[in-house]
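Undergrad: Here you go, sequence then predicted model.
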Amino acid sequence: MTMSFATTTIRPARPDDRGFVLAATGRMCAFGVPHGRTAPEIVEGEARTLRAYFDAANPPETLLIAESDGSPSGFVFLEEHQDYFTRAIDGHIGILVVAEGAEGHGVGAALMAASDEWARSRGYSILTLNVFEDNRRARALYERSGFRPDTITYRKAL
């Protein structure tokens, strides 16, 4: 499955994308971190998931790479998610990263459109994602893409 959006092409990840994906994961904290979290724990949590993907014998097409002018410019990691209330299986955007130099060039919007297509092609009627409260740029992109807030997670250190 390869898709093109204006100047961005979306394709399934290949083993040689590992370096780009793991390095780009550091962007998860470019906008700050939630209260009580640290940048290293967030980056390591996301990197752990992505390393497991690349280490799998036959990974599913759930990691999509955005390319602009032939170079990787972002990625989205997609998952199944069971809705707590309905128990329905839905699509979920687990991780979405746009490379620093690609910000503002439609890469995020292309990854969102590819995520929609991925979810539809699997018969999901809902697509969900999580976002850090202070990541206003990402929240604006998600809202332009049709997402609306659902639940808010509160966290308290004991």
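TA: Arrived safely. Numbering: from 1, shown residues only.
Undergrad: show me what contacts the spatially most central residue of the chain?
TA: Most central in the chain under CA atoms, centre = their mean is L96, positioned 2.2 Å from the mean C-alpha point. L96 makes contact with G74, F75, V76, F77, G108, L111, M112, S115, L129, A138, according to CB atoms under 8 Å, 6 or more residues apart in numbering. All C-beta atoms are positioned from the backbone trio N, CA, C, and that covers glycine.
Undergrad: Count residues in the vicinity of T62, would you?
TA: T62 has 18 neighbouring residues, counting by other CB atoms under 10 Å.
Undergrad: Please name the nearest non-neighbouring residue to it.
TA: Spatial nearest neighbour of T62, chain neighbours left out: L78 (4.5 Å); criterion: CB to CB, 6 or more residues apart in numbering.
Undergrad: right, and the one you found touches D116 too?
TA: No. Counting by CB atoms under 8 Å, D116 is not a contact partner of L78; they are 10.5 Å apart.
Undergrad: of the contacts of L96, closest to P34?
TA: The shortest approach to P34 among the contacts of L96 belongs to A138, at 13.1 Å (CB to CB).
Undergrad: measure that closest one to N130 for me?
TA: Using CB to CB, to the nearest Å, A138 is found at 10 Å from N130.
Undergrad: Comparing the two, which shows the higher neighbour count?
TA: More neighbours sit around A138 than around the other of A138 and N130, counting by other CB under 10 Å; the figures are 17 against 11.
Undergrad: On the three-state scheme, that one is what?
TA: Put simply, A138 is helix when judged by DSSP: H, G, I helix; E, B strand; the rest coil.
Undergrad: what do you get for R51?
TA: Of the three states, R51 takes helix according to three-state DSSP.
Undergrad: Looking at it now. What's its pLDDT?
TA: What the model reports as pLDDT for R51 is 97.
Undergrad: Can you tell me how far it is from R11?
TA: When CB to CB is applied, the distance between R51 and R11 equals 20 Å.
Undergrad: All set now, cheers.
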